[in-house]
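J.: predicted model and sequence follow; I will ask about them next.
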Amino acid sequence: MTKGTSSFGKRRNKTHTLCRRCGSKAYHLQKSTCGKCGYPAKRKRKYNWSAKAKRRNTTGTGRMRHLKIVYRRFRYSFVGGVSAEGTVSFTSGCKIGVLSRRGGAGVGRCFPATVALGPITSRFY
């Protein structure tokens, strides 16, 4: 029996499958570890081997669900709990152009000047 080319053709089983954490096909089935992110280790696998590898996996390459909100709030010095105020019309005595809690401004959304809107507790402010 030869140990060369004819033996390599019989290797049909896959050694790597999709990783649950990073999604790449680098999870080794027998070692039970991912070669790309290091799953199931708690910390993500990263080395300072190359600048391009750092660029691919750094902050900003993913969704940034929390950080993109923090960056926006930083521009306005983390102002929170601000109540909405509008201008009082002299003719009808109601606020003009006040945003409702649903975010729309315009006809049918005019509040009396005496009504104080509570603090806007949205995640966008």
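T.: In hand now; what should we look at? Everything quoted here is computed from the prediction, not taken from an experiment.

J.: what distance do you get for Phe74 to Tyr47?
T.: Relative to Tyr47, Phe74 is positioned 31 Å away (C-beta to C-beta, to the nearest Å). In this view, the C-beta of every residue, glycine as well, is placed from N, C-alpha and C.

J.: packing partners of whichever helix in the chain runs longest?
T.: The helix that spans the most residues within the chain, counting by DSSP state H, is helix 67-75. Under the contact criterion of 3 or more C-beta pairs under 8 Å, 6 or more residues apart in numbering; DSSP states H and E, helix 67-75 touches no helix or strand at all.

J.: quick one: the strands in this protein, in order.
T.: Taking DSSP state E to define them, one finds strands in the chain at 16-17, 27-28, 33-34, 87-88, 95-96.

J.: OK, contacts around Cys22?
T.: Counting by C-beta atoms under 8 Å, 6 or more residues apart in numbering, Cys22 makes contact with Cys34, Lys36, Cys37, Tyr39.

J.: let's have those in a markdown table, adding neighbour count, pLDDT and distance to Gly4.
T.: Formatted as a markdown table, these follow (neighbours: other C-beta atoms under 10 Å; pLDDT from 0 to 100; distance: C-beta to C-beta, whole Å):
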| residue | neighbour count | pLDDT | distance to Gly4 |
| --- | --- | --- | --- |
| Cys34 | 25 | 98 | 31 |
| Lys36 | 17 | 95 | 31 |
| Cys37 | 21 | 95 | 35 |
| Tyr39 | 18 | 98 | 35 |
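
J.: returning to what we had before: average pLDDT for the longest helix of the chain?
T.: For helix 67-75, the mean pLDDT works out to 96.

J.: how about stretch 19-28?
T.: Stretch 19-28 shows a mean pLDDT of 96.

J.: check which residues of that stretch are buried.
T.: Cys19, Cys22, Ala26, Tyr27 (16 or more other C-beta atoms under 10 Å).

J.: against Glu85, how distant is the second one?
T.: Which is Cys22. Distance from Cys22 to Glu85, by C-beta to C-beta: 47 Å.

J.: same check on the first one?
T.: With distances taken as C-beta to C-beta, Cys19 is found 51 Å from Glu85.

J.: ok, Lys44 next?
T.: Distance from Lys44 to Glu85, by C-beta to C-beta: 45 Å.
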